[in-house]
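In: When you get a sec, could you give me coordinates for this:
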Amino acid sequence: MIGLDRLAAVVAEDAAIRRRQVLQPVGGKGDKIFPPTYPVEGRNQPPRHVYEKRKIDGRDVWCVLVDSVASQANRLEEALAATIADGVTIPYLYVDFTGKGIAGVERITSLEAPHRVYDAILRDSLLDGQPFMASPVGKRLAEAKPQDAAALLEVAPTALLFGSWHSTGQGGGLGAKFARCLVSEIMAIDVPVEEIINPRTGEVTPRTLGQRVGSRIDPLGILSQVKIYQAKNDPNDWTPFEDEAARKGNELVLFARKKGEKAGVPSVINHGNIRPSVAPLGVTCDRLEHTFVLSCAALRRLGFGGGERDVAGRTLLAALGLLAVTEQDARGYALRSRCDLVCEGAAPFEIVRRNGDTEPIAVTREAARALYQEAFAKAKAVGFELREQPIRLEPQDKLVAIVKKSQELALAGKGGEAEDEED
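Out: Predicted structure coming up:
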């Protein structure tokens, strides 16, 4: 097991700590999984998985993205949030929405906010009655830079570990910017595909050999021939009665919830049968690989005041990274529907030397927790004012108002992006 002094030496001298963990579907090797889909360019093109060719064991093999770097960062932060609930002290901030009359939202933490400590949710909140970024804590965060990152370490170290950018401040794109020190990604390796060749350009597009089927039988037997109209008294409601329907001139207005969908059929209000369909989705693979890299070089770019403060601050972040990945291991890899994975054995972590040589090390969940807590205590001992209790913010009235207005519009069926609306 790696100790605190050894970890500090690794951060100071070596290139990285990494691990390549082999995963398999929880249903067993060869079971089909469903990675995320992304939109593609071109009209009427269905979403598809993200493919890329990688050189593995001397072969060019098709691989599919199963969990991106950004998605993994969110999952690792989620694992750390659960660790906090277990009693481990990790500094963070949160906006308290309790008692504000917002359904389904009680609090948003800096572990959940998309831009972490620099997110608009925190910016549009109050700390001790002041707008957050105008408060002493907010000003320190706004003035922070990689050479002087103590403010983030003390109030939200995950923002340094996973990266953050104060893009909404007065400096805009020139605001405080911190590159991620930890990169984690899950790929499906050696995926069978059909290669579709564009006869005009010669471009090769991979398509999965997996198939997803879908259908629905309506127990009420509602047929697609039944016409559904827009109610004349409420454009967001429907009616099957012609005398209650809205008209445009002499024409009855067929009901649709959004532009572009087929209007006037029961399926737009989720009634009726859905005919059986087959779509090329889902993949099988030889294996999945979870690649974790904690860059010591990136940690060394962060300054905390020099000397022992630099050593303690960087070591604390390294311990936090090891804690995050071991907590994710313990909580499992249920990534999404039909994408539940399990470790194939336990791969060791490796210290990567500057010349590329490696040294295996063992880091269990229990050891990672103990290591982090020791690093936390050491950082406090050298003078860091690490927050043992989270910083509570209160949302400004204007933030509460736009959330409530958005919920009202969604309940009224008027949700959607602004560019999809007409004046």
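
In: Please report phi then psi for the residue nearest to Ala144 when sequence neighbours are not counted.
Out: Closest residue to Ala144 apart from its sequence neighbours, by CB to CB, 6 or more residues apart in numbering: Ala151 at 4.5 Å. For every residue, glycine as well, the C-beta is placed using N, CA and C. Dihedral angles of Ala151 (phi, psi; degrees, to the nearest 10) stand at phi -60, psi -40.

In: And the pLDDT for Ala151?
Out: Reported pLDDT at Ala151 in the predicted model: 97.

In: Relative to Lys248, how far out is it?
Out: Separation of Ala151 from Lys248 (CB to CB, to the nearest Å) stands at 59 Å.

In: neighbour-wise, which of those two wins?
Out: Per other CB atoms under 10 Å, whichever of Ala151 and Lys248 has more neighbours is Ala151, with 22 against 8.

In: quick one: the more buried one and Gly138 touch, right?
Out: No: using CB atoms under 8 Å, Ala151 is not in contact with Gly138, being 9.6 Å away.

In: how about Val64, what does it touch?
Out: Applying CB atoms under 8 Å, 6 or more residues apart in numbering to Val64 gives the contacts 35, 49-51, 187-188, 191, 208, 283, 285.

In: Can you tell me the element it falls in?
Out: strand 59-67 (DSSP states H and E).

In: packing partners for the following helix or strand past that strand?
Out: Downstream of strand 59-67, the next assigned helix or strand under DSSP H and E is helix 69-85. Under the contact criterion of 3 or more CB pairs under 8 Å, 6 or more residues apart in numbering; DSSP states H and E, helix 69-85 touches strand 182-189, helix 307-331.

In: Just after helix 69-85, pick out the following helix or strand.
Out: strand 93-96.

In: buried ones in that next one?
Out: The neighbour-count check on strand 93-96 (16 or more other CB atoms under 10 Å) flags 93-95 as buried.

In: residue ranges with poor pLDDT in the stretch 51-200 of the chain?
Out: Scanning the stretch 51-200 of the chain with the threshold set as pLDDT under 70 gives 168-175.

In: go with 80
Out: 168-176 (pLDDT under 80).

In: what do you get for the stretch 201-350 of the chain?
Out: 209-218, 220-221, 258-261, 273-280.

In: repeat that with 90
Out: 201-225, 233, 235-236, 256-264, 266-281 (pLDDT under 90).

In: Could I get the full set of helices for it?
Out: Remark: helices assigned in the stretch 201-350 of the chain by DSSP state H, counting those that start in this stretch are 296-300, 307-331.

In: Let's have those in CSV, adding mean neighbour count and distance to Lys29.
Out: Below are the helices of the stretch 201-350 of the chain laid out as CSV (neighbours: other CB atoms under 10 Å; distance: least, CB to CB, whole Å):
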stretch, mean neighbour count, distance to Lys29
helix 296-300, 19, 34
helix 307-331, 23, 19
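
In: Can you lay out those as a markdown table showing distance to Glu374?
Out: Output for the helices of the stretch 201-350 of the chain, formatted as a markdown table (distance: least, CB to CB, whole Å):
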| stretch | distance to Glu374 |
| --- | --- |
| helix 296-300 | 17 |
| helix 307-331 | 8 |
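
In: Select, out of those, the one closest to Gln407.
Out: Nearest to Gln407, of all those, is helix 307-331, at 30.5 Å by CB to CB.

In: could you check the angle helix 69-85 makes with that closest one?
Out: When axes from the mean of the first three to the mean of the last three CA atoms, to 10 degrees is applied, the directions of helix 307-331 and helix 69-85 differ by 90 degrees.

In: Start the count at 12 instead of 1 going forward.
Out: Renumbered: residue one is now 12, and that last one reads helix 318-342.

In: Please compute how far helix 318-342 lies from its chain's middle.
Out: In this view, helix 318-342 has its centroid 20 Å away from the chain centroid, taken as CA atoms, centre = their mean, to the nearest Å.

In: out of everything not next to it in sequence, what's closest to Val411?
Out: Counting by CB to CB, 6+ apart, Lys111 is the residue found nearest to Val411 once chain neighbours are left out, at 5.0 Å.

In: helix/strand/coil for the one you found?
Out: coil (DSSP: H, G, I helix; E, B strand; the rest coil).

In: how many other residues sit next to it?
Out: Lys111: 17 neighbours (other CB under 10 Å).

In: now Asp159
Out: Count around Asp159 with other CB under 10 Å applied: 15.

In: before we move on, what about Ile95?
Out: By other CB under 10 Å, 15 other residues sit near Ile95.

In: any idea how far Pro371 is from it?
Out: Ile95 sits 30 Å away from Pro371, going by CB to CB.

In: Likewise for Arg349?
Out: Counting by CB to CB - Arg349 and Pro371 are separated by 34 Å.

In: who has more neighbours, the two?
Out: The residue with more neighbours, out of Arg349 and Pro371, is Arg349; 15 against 10, by other CB under 10 Å.

In: Grab the nearest non-local neighbour of the more buried one.
Out: Nearest non-adjacent residue to Arg349, counting by CB to CB, 6+ apart: Phe45, 4.3 Å away.

In: before we move on, what about Phe252?
Out: Of all residues not flanking Phe252 in the chain, Tyr240 sits nearest, at 7.7 Å (CB to CB, 6+ apart).

In: pretty sure the one you found is touching Glu253, no?
Out: Yes: shown here, Tyr240 and Glu253 form a contact pair, counting by CB under 8 Å, at 6.8 Å.

In: Check the offset of stretch 359-367 from the chain's centre.
Out: Relative to the mean C-alpha coordinate of its chain, stretch 359-367 is positioned 28 Å out (CA atoms, centre = their mean).

In: circling back to that earlier point, of all the residues in the strand holding Val75, which ones are buried?
Out: Within strand 70-78, judged by 16+ other CB under 10 Å, the buried ones are 72-78.

In: And stretch 236-250, by the same measure?
Out: Buried residues in stretch 236-250, counting neighbours by 16+ other CB under 10 Å, are found at 239-242, 249-250.
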